[in-house]
Each structure stands twice: as structure tokens, then as C-alpha cells.
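J.: with the input below, show me the fold.
(3 chains)
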Amino acid sequence: MRYQATLTVNGIPYPVEVEATASLLRVVRDVIGLTGSKEGCDDSECGACMMLLDGRPVNSCSYLALQADGREITTVEGLAPGDGLAPLQQALLEAGGVQCGYCTPGMLISATALLSSNPRPSEDEVRVALAGNLCRCTGYTNIVSAVLRASEGHPAGTPG
Amino acid sequence: MATVEEPRAAEALFIRPDGKEKVTGLGRYTADLNLTGQAHAKLRYADHAHARITRVDVSKARALPGVLAVLTHEDVPDVKYGGMVQDRRLFAKDKVLWEGDVIAGVAALTAELAEQAVSLIDVEYERLEPVVDFAAAEGAPLVHEDWESDSGDDTMGRDGNRIGYSTIVKGDADAAMAEADVVVKGRYTTDCSQGVPIEPRAVIAEWHGDRVTVWSSTQVPYAARAGVATVLEIPESSVRIVVPLLGGGFGAKCDFHFEGHVAALARAARRPVKLVFSRREEFVAVDHRREGMVIELETGAKADGTIVAHRGRLVLDKGAYCGEGGFFAQMAAMHACGPYRMENIFVEASLNYSNTQPSSSIRAPTAPQTCWALEQQIDELAHALGLDPVELRRRTLIEEGAEGPTRQVFEKLGMKETLERAVEMIGYGRELPEDEAIGVACGWWPCFGAPSGAYVQLHSDGTGTIITGAQENGTGAVMAFPILVAEQLGMSPGDFSLLYQDTDAAPWDMGSCGSQTTFNSGRAAIAAAVEVREQLLDAAAAKLEVDREDVELVDGEARVKGAPETSVTIVDLVGEGGPFHGKGSGDVPEAPECDAEGCVGRLGMESFLAPQLITQAAHVKVDRETGVVRVLKVAAAHDSGVIVNPMGANGQVTGGVVMGIGQALTEGTQIDAEGRQRNPYLLDYKLTTAADAPEIEIAWVETPTANAGPKGSKGIGEPPCVATSGAIANAIRNVIGTPVRQLPMTPERVWTATREGNQ
Amino acid sequence: MSTFVQATTVAEAVGAMSGGARPVAGGTDLVVGARQGKAPLPESIVAIDRLDPLRGIELSGGRLRLGALVTHAEIVAHPGVLEGFTALADASAIVGSHATRVHGTIGGNVMNASPAMETGGPLLCFDASATLESVAGSRQLAVAELLAGPGETTARADELLTAIEVPALPGAGSCYARLEYRRQMEIAVVGATAVIVLDGGLVTDARIAITALAPTIRRVAEAEEALRGTDGGRAAAEAAAEAAAAASAPISDVRASADYRRAMAAVIARRAIEAAVARARGENVPVPASPALHGAV
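T.: Okay, the predicted model is just below:
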């Protein structure tokens, strides 16, 4: 059965009609057309599909779209203010934390969630927080240093 | 098209041209594209790893409403294809040879309908005994019954289930072994493993009359183009391959894969057709994995460490089809010798068919496993000689003037310097807790000379575009081309945009494989820029009324040397018209001379062009009771020649080391007796996470290298994962006192070795 | 074609379930399970994630009440759980990834009934009970009786797990430890729980459970017996751990062989016991215990 729902993604309400079993990822990508969130495994093991749901990171491949009705959804497309880049995005670019970029949207979501709840994480806290986001390119080194650079009180300052 | 951002800081800050679209989520990967009216494809795979097909009935699938096309071998040309041996068809015809063999393809209005249609295809089989034990494939039932009629490279030494056989022969290893003071033997086995790019592959095909455009997540668009042309029997000029952003490859997206299936389906469906793989398909259906191996080594040395004799017998699992991996036997044989001075050598390597997933290039194919075995062998030899393993390496590693396995005489290279830098960074020899230790491993990897081509054109506002056939797989190699081109023209990297990954736009290129992009494609981009430079100098000389030899290009201007006030801006020069576009290829470096007369199965790997040299040292902690190993730090010292883009180069090392850690400890594909993968999903095929990745310290030994790439650079991308598992293995051995001779060195295997070593 | 109801009251939820609907909260196990082909997504789904009565952690009158929607992250952050039910915090702290822990619920974890689930051992050792509601009413059932086999519970299909109640065990030190190949994104290859009460330096109460070593997580009476009356020292811990290993019935699978699992049962059980004893003595063993016991940096 298809159901009406309103998914609020990056502050914009989208009225959608979706199957009961449709995942949040499918609806955001295929119905709403925001393809920044990626499908890498479809079973919550890689984190490429991560979005914020009411501020908390969720593997959207394993979450029913209808359950997100009325909640605040943030995807990677919603992280940048206006035309600019969020400090985390800028830090990721400057630190060389982007290679193929496929894990990047999920990484940014996880890191955003971390810094909002823990603005001054230790390196190990960053590593644990990002463990649900697999990256095959970078070895994580430059991603972790980017998150630390974007954190409060870091010597490098908040870039951007 | 992408443009380079201006550097934000005074120091050489490199922001990749494709970075902004990647961090904002606006960049498009293949699966993100949708074409109007597109249908969705699903493939029907074999139900057995080895079986004769007795009947295929697609009538129910074709009758399902919403199904637009169902194709089997009957619906496409009867063409066999493959890299060095043409042993495969688009759709299986008489037999299926592995669980990922494709029997049929379906295009339907939705992916769900296509899936349903696939399940409605009736296939009947006569099950055959699968050849799973590749080491015993000789004498087993033939995987390819008609192998003799398959066309292929005659130098491979094909014989039944053995698709390749190569030897490295130097001197008289038997006689020398008898004279050695110390002889050590070791037998090592490795599981096959996987590339696991985070982006599962996707392909979309759309026909325009007799021409087809294919958007594909491939590392090698030109090979994909040739593949489509071959299997559909159409001209290459009728095929255009476009690669949107590519979500990693690691070799797994090399070679021609599924572009032919999707193009055929799109032609039959008369619509664009899109295929997107699930993670399971990315494990099971992809004809690319790292090969399993059995490696037997015997090494004899004099008391001073001189390696007088080295014998090796290697068997490699080719899996069901050749693909591009036909050269693996010789490559493995070279790695079984390694970057050591060895006086006498006999190494033989067999590459065997089996009824499992095909092995093909995964990041430095054959090297990490062979290096892992050889480096443990070198440590065992050191222990037997009573020498420190690092000291033995100091005495035996290659250096300028040394002879390689086939008497290639090396020019200046930094092998020993990488050893010294790595042991210094890791703090070799210091006191550690009893459950921690350091291990060291050395390795090497060749550069591959190949043709490439590029165009550079300047625009009226003084900016320019680089058009290249090179493929960016994420490493940033193509992203660094503006640095190379701008340098030739006295311009800024930010002045250039890139047009790439479109086979209609640029000349042929080998693709992102063999660590060759900077080495070959970069050379082509520079050559094209040099043509433009000549044009600018001519125009400037005319404009300034001076000799062109007196003009230089600096900071966006053409200036008279020594009189910089006499100048004209490049914007002004270009604005006045005239041809400001260049094309270039550059000269392809040739393989070094060697003496390989006594070797068989010579496929071009018998000497190593501009070898990249590696020492890695790993500091590990072993939980002896459980066998769980944590890697605390890796020090990586590499000679990749002159480094063009330090941030990009470092990113290759950190990424390669962490991939190497996974291959060392947790990444192994398990195969059951029926030839099926037991762990084709990420919970039980375990990549290293951010929480498990260690500190990685990097040193570049920038040896200016003869016959190298741009600015004296060599390749970079593959070596970082070559020595990691060997270094970890030696560190584990130094804790538990006994080698772990199975890869990956899982907790259970480390625990077993610990117990057996203690008995 | 599946149907979907967003329940706003417990009555509405159990009503839907009486009509055959399956509940979904965080969604993780249900949706992933369907994708992996374990079980197709149900014909009828009732979302229970907005049922406020199923939320919240309460600790009063010597009982810990966990609403079925309590997440692993909430469990780990609760001072009362950390203090009195430390093993449960150990377990929730190492479930999956950060995203799993902020959305995955204790109710979903229990009803998924995996023999490898992290929270099962602690719940068994603390004699937790489950509250099941249906249109017919409500009943309490020991978690030990609820878990019936891999992926199976004794709950009827129309019963909704609404809460887990855990009686406090004053003075107890407890620990859940697992064998893990990676620090995160893991599932127990072998797990063990120990709950220890000391009085005058002697063990007066000991509860031991083993995880991923049998079709269900189970308590091991022989191991508990081996600890009672001892000082909880190394010898006693080893004897109990050996008993735990002897009671295991491990399988060989893609993660480990039965032999290795059995050997690890003794190691991991001993570590859990030692950590629980240390905590019972008031010593600090960080939560989660597993990484520290595994030689993490």
C-alpha cells in the first residue's frame, strides 16, 4: 500500500506517497531526488546512507520512510549554509579527507552529530564515532584530523 | 567538468577540483543518474558453481507485464572475450563455471519487476563437481573443457586447468642450495580477498540510433568501450563510455564488466536501462578479487647473510575466467624473489582455473600475499642465522648497481633508505611490553609504461581546459593534472578545468590501474602543455618583438628574461586569437634490459620499470589468549621518486596501509565445498574501521629516478598495501614466537599458531 | 502489498498486532533482516516508535524499568544503570555503531532473539522480566523464558513487548565482555556475563551467562556454583570459566570454529568474572569493559 507522508528534508517539507516498506534512503534519493546520501551495503554496515533524524544519525537504508513522517531529516545537502561550506566540509577538503567521496556524505553526517553533542572530542572519540562509516580510500587519517580541526578550541581554529 | 579552487593559504594547500561537489553531496555518481524512460536491469546468476546447463526457459519472465527484455546467450553474438585468454561469454552458454556466472539479463519497468522476472527464469542443470581446491586443479575435472580452442596468448603456457605458468631462473639454485650454511623452508597459504569499493557498481546504457552511450562506474573506460564493441560486434566508434564520479575501485572496477549486458538490454528494451549492484553482488558477481595462493619457499644463505639460493613454488587461484589477470603467475614469481640480491633462483608459479570467482587486478595483484610470505621467510632466515632481521635486510636489499632476479641492473634507487627511515620512525629495537612487538617488511612494485594522450586548450579569458583520457578513481591523480600543466605555462592550477572520463572527448588511456595515471597520463598532459607553451612563446616573441628564447612564462605573463617589465599577459595573448591548443603523449618509457632467457611464461614482468620501493614497520599488540591483534602504529617509508602532490601521495599511503591491515587480519573470502562465498557481506567480511585504524607515519625517499614519470615521479597507489601484512606478520611472530602461515591472520589462526608453537 | 500503521497509543498498537501486524521501532533488525533474506518484510507493519509510554528509564523501589523503546545510547548514559547494572551498560555500549546505538532499542534487541545479542546475557543474569501486552491483557515473563532459540521467542505474534524490568542486586559488580575482532561494528563471536555479589570478601551470589555459544544465551549453573563461597580470585574465576566453556554448545560458522569458540568461552568468561569481581570490590573498570580487556589502545 502507498501512504501519504510529509518528509521534512533540510527544512523543506516534501509531500510524498510511498510504499509501506520503502526505506528512507530510497524515498529521499528516488522520490525527493536528493542523491547525496549513498547506498553502499543496504544493511547498516557501511554508513554511506547516513542522515540525521531529529539530529541523530541514522542508517537511512534500514529505516522506514513512513516512520520519518513529521520528523526533521538532514542530509549532506543540508549541511552547507547557503552557497558556502560548513566548517566540517571545508576542513575535510583542506585536510585531504576526501578521495573517491562515496563515504563522504555519511562521514559528514556522523561527524556533524558528534560535534553537536561533543564539541571537543578526543581523537579516540572521533574514531569511535566514525566507526560506522567505512572508508576504503583514506585510511581515515585525514578524515579524523579534519574533524579535530573543525572541533571547538582546536589550535587550527575553526576554518571557513 | 570541474574547476580547481584557488589555494586558501600561502603553503601549497591542495583542494581537489572535484572536492566541493563531493562534500556538498551534489556530485553525481553513476547510480545517482536517471534517464527519462529508463528501465531497470537485473541479472540471473548461476545456481551452481559448476554445472552443465540443460535447459533455460525464459517464457514466464517474458510474459510478466512490465518486462521489456529478457536476454540469454541466444540473443547476443556468440563471441568469447577476455584479456589474455578469450574464455568467457556475456551469457553462459553450455556450462556455468562459478556462482556469479550470468545466465540471463532482464530489463523491466522497475527493479522489483526485474527481480521478479529473474526469479521466473527456469534453469535446469546437470551438476558437475566444482573445482574449489585450486592447488589441486591439475588433474581435476576441466573447468574449461574446450580450453584448447580458446584464443589467447601463447606464451602463457596454458595446459588444461593451468592457464599460466611462469618461471624466474637465475644461475643454479639446486647446486647453490647445497652449498648454503643455513636453509629455511616455509609453506604459506592465503585466502582470496576483495577490493570492496564503497560504491557498488552501476551501469546505464542508452542508444542513439546505432551508437550507444554507457555511463559506468569503471576504472578503465577505454577497456569497457572495447569490450562493448567486441561482444556486440559493433565498431568502437559506436560506443561512448562516460564515467560519472567514481566511488573507488582498488582494481575491482578494472576490466570490462557489465557494460555489455546493459547495452544489450537497452537495445532490446528500446529504452535506457540501468543496473545497480547490491553489496552482495559486489562480492559475488564481480569478476575481480584478490587471488588465493599457496606459496612454498626455500632459501639458503651463507653465515654472513648472503642469499645464495632461493627456490619457490607458487600456485595461484585464477578462478573461472582469465579476464585481465593472465600475467599473475609471472608477477607473483617476481614478488617471490623480492627486492633482494639473490645469487641463484628457481621460482615457478602456476595460475590455475577453478570454479570460483575470477581473480583479477586488486591493488598490486599478487604482491601483498607473496610479499607477506617472502618477508616472513626473510625473518625466519635471519633468526636461523642469528642475525637481526633488519640487519639481514641491510645486507641483502638491492641498491644501485645490484642485479635483480633476471639480472636487471638497477640504477639509483632508495630501497635501503626506505628501510632506515621506517625503522627510525617506528623506534625499532626499543623496549616494549611483552605482548607488543615490531615487525618490518620490504617490497616493491613496478611502474607500467603505456601510451596516453591529452589536449590542453586556452580560452579567451586566459583560463584553460585539460582534456584527458585518464580516469580518476578517487586518488586525486587526475585532480593534480592542473598542477603539472600550470607549471609549464606559468599559470595557476586554479586557471584550469578538467574534462575527463569520456571516451569521446579524449585519446585512449589505460585507465586508473597499475598506478599509472601520473606516470603516463600526467606525462601526456605535460606534453600537451608544452605544445601550448611553444605557441605562447611564439606569440609573445612576435608581440614583444624579441627572440622567443628570451621569453619566459611566469605568473600569467610572458616576460623577457631579465627584463620583467617587458611583458604581455597570457590573457592578452590568447585574446588576440591564434591557435592555443596542444596535444601530447610523450615518450613511453621502456622496460629495462634483463636476461630472462632461462625463464618461461615471459609476459613483460621479467624486469621492473622504475621500481617503487617500500619498507613498512608495524607495531602491534597481540592478545595471546584470544589471538586478537591490534595494530598500534605503522611507519611507511616509500621511494616513489619525486612526489608531485604530497597530500594526495600521503592519502594513498594511509589508505593503502589500512587496506593492508584489513587484508592482514580480517579480510578473507571464505568459500564452501560447493564453491560459494560464505561471507559476501560487510559484517563478516570485515574492513578496518576508523576505530581500528592506527597512527601512520610516512616518509618519502624521493630518489630522482631514471626512465620515470613527470618530474622524476614513479607510481604511488599500489605499493602502500604491499608490505603491510608482512610487517604485521613479523610483528606477531615476534610476540608469539612462531609464524602465522595463513592469510588473513585471523584471531583464530593466531591463537592456533600460538598454541602449536608452544607445544 | 504491505500496510503501515503509525500507532499513537499502546491500545492501537496491540490492536494492529491482533490483526497480524508486526511492530517496528528503530527498524534496524527488521528492515536489514528482510534485505538479507532472513524473513520477508511483514505484510502489515505497525510503527511503535512514537509510543511515549514505552520510553524512559526508571529506577525506583529496587527495580529498573526500561521502556521497550529505550535506546542503547540511553542505557549507557544512565547513571543508575552504570552503577547498579554495569554489565548492561557494557553490552549496550558496544552494539553496532554510534548510529545503531542511538536508534536501536532494547525492545528490538530482545525480540530479535539473536543468540549473539549483547544485552541478553546481562538481562538473564539480573533476572530481568519482560512485560508483554496484547488485546487480551498484559503478562510478565522472565527474559530467560522469553528467549526460545535463534530468532525465536515465546511471545505470541500479537504480543507487544512494552518494558523490561530488572530487579536491583545491591552491591553487585557485573560485567559483560565479548570476543571481538574489531573495536566497533562487531557482533559477539563469544560473549560472557558475570554478576558477582561479595560479602566479607567471599562470593555470596554469582550469575554467569554465555553468549553466542548455544542456540540461546544461557545461564551456567555449574559456573555459578564454582564461584559461590570463593574469594572470586583467579583460581575461582578460572574454574568457573572452565565450567562455562564446558556448558557451551558452540557451532562452527563463518566467524569461528566450535573449538575456538569453546576455548574462548573460558577466556572471555574468566575476564568477565574478574572484571565483575573487581567492580564488586569497588575497583574501576571502564565501561565498556570489552575494549580494555582486549588490549585496545
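
J.: do stretch A:94-112 and chain B come into contact?
T.: Yes. Applying Cβ under 8 Å from any Cβ of the partner chain, one finds stretch A:94-112 touching chain B at A:Glu94, A:Gly96, A:Val98, A:Gln99, A:Cys100, A:Gly101, A:Tyr102, A:Cys103, A:Thr104, A:Pro105, A:Leu108. In this view, the C-beta of every residue, glycine as well, is placed from N, C-alpha and C.

J.: what about that stretch, how long is it end to end?
T.: 17 Å (Cα to Cα, to the nearest Å).

J.: do me a favour and average the pLDDT over that stretch.
T.: Mean pLDDT, computed over stretch A:94-112, is 97.

J.: may I ask you to name the longest helix in the chain?
T.: If you meant another chain, say so; for now it's chain A. Determined from DSSP state H, the single longest helix within chain A is helix A:104-117.

J.: switch to chain C, that's the one I care about
T.: Per DSSP H, chain C has its longest helix at helix C:258-280.

J.: which strands and helices sit next to the longest helix of chain A?
T.: strand A:50-53, strand A:56-59, helix A:87-94, helix A:123-129, helix A:141-150, helix B:19-23, helix C:98-103 (3 or more Cβ pairs under 8 Å, 6 or more residues apart in numbering or on different chains; DSSP states H and E).

J.: how does it look with 7 Å?
T.: Packing partners of helix A:104-117 (3 or more Cβ pairs under 7 Å, 6 or more residues apart in numbering or on different chains; DSSP states H and E): strand A:50-53, strand A:56-59, helix A:87-94, helix A:123-129, helix A:141-150, helix B:19-23.

J.: run a quick neighbour tally on the residue in chain A that chain B sits nearest to.
T.: Ranked by Cβ to the nearest Cβ, the top residue of chain A for proximity to chain B is A:Gly36, at 2.2 Å. As a burial measure, A:Gly36 scores 27 neighbours (other Cβ atoms under 10 Å in any protein chain shown).

J.: what about it, distance to chain C?
T.: Per Cβ to the nearest Cβ, to the nearest Å, A:Gly36 is found 17 Å from chain C.

J.: what are the buried residues along whichever helix or strand C:Val81 is part of?
T.: For C:Val81, the host element (DSSP states H and E) is helix C:79-84. Buried positions in helix C:79-84, judged by neighbour count with 16 or more other Cβ atoms under 10 Å in any protein chain shown: C:Val81, C:Leu82, C:Gly84.

J.: before we move on, what about stretch B:735-752?
T.: Within stretch B:735-752, the residues that count as buried by 16+ other Cβ under 10 Å are B:735-736, B:738-752.

J.: the residue of chain A closest to chain B is in what secondary structure piece?
T.: Under DSSP H and E, no helix or strand contains A:Gly36.

J.: now B:Val631
T.: Per DSSP H and E: B:Val631 is located in strand B:628-639.

J.: ok, B:Gly195 next?
T.: Counting by DSSP H and E, B:Gly195 is found in no helix or strand.

J.: for the residue nearest to B:Ala708 when sequence neighbours are not counted, the count of nearby residues, please.
T.: Once flanking residues are discounted, B:Ala708 sits nearest to B:Ala610: 4.6 Å by Cβ to Cβ, 6 or more residues apart in numbering or on different chains. Counted with other Cβ under 10 Å, residues neighbouring B:Ala610 total 27.

J.: quick one: B:Ala610 is in a strand?
T.: Yes. Under DSSP: H, G, I helix; E, B strand; the rest coil, B:Ala610 sits within a strand.

J.: ok, it to chain A distance?
T.: Counting by Cβ to the nearest Cβ, the gap from B:Ala610 to chain A is 24 Å.

J.: so that residue touches B:Phe448, yeah?
T.: No. Proximity of B:Ala610 to B:Phe448 does not meet the contact threshold set by Cβ atoms under 7 Å, at 9.5 Å.

J.: next, B:Val294: phi, psi?
T.: phi -120, psi 130 (degrees, to the nearest 10).

J.: can I get stretch A:65-85 in CSV, CA atoms only?
T.: Taking Å, rounded to 0.1, in the frame of the first residue of the first chain, the C-alpha atoms of stretch A:65-85 are listed here in CSV:
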residue,chain,number,x,y,z
ALA,A,65,10.4,6.3,5.3
LEU,A,66,7.0,6.4,6.8
GLN,A,67,8.5,6.4,10.3
ALA,A,68,10.2,9.7,9.4
ASP,A,69,6.9,11.4,8.7
GLY,A,70,6.9,14.7,10.5
ARG,A,71,10.5,14.4,11.7
GLU,A,72,13.4,16.6,10.8
ILE,A,73,15.7,14.9,8.3
THR,A,74,19.1,16.3,7.4
THR,A,75,21.1,15.0,4.5
VAL,A,76,24.6,16.0,3.4
GLU,A,77,22.9,18.5,1.0
GLY,A,78,21.6,20.3,4.1
LEU,A,79,24.9,20.8,5.9
ALA,A,80,26.2,23.8,3.9
PRO,A,81,24.9,27.2,4.8
GLY,A,82,23.8,29.0,1.6
ASP,A,83,26.5,28.9,-1.1
GLY,A,84,29.3,28.3,1.3
LEU,A,85,30.6,25.3,3.1
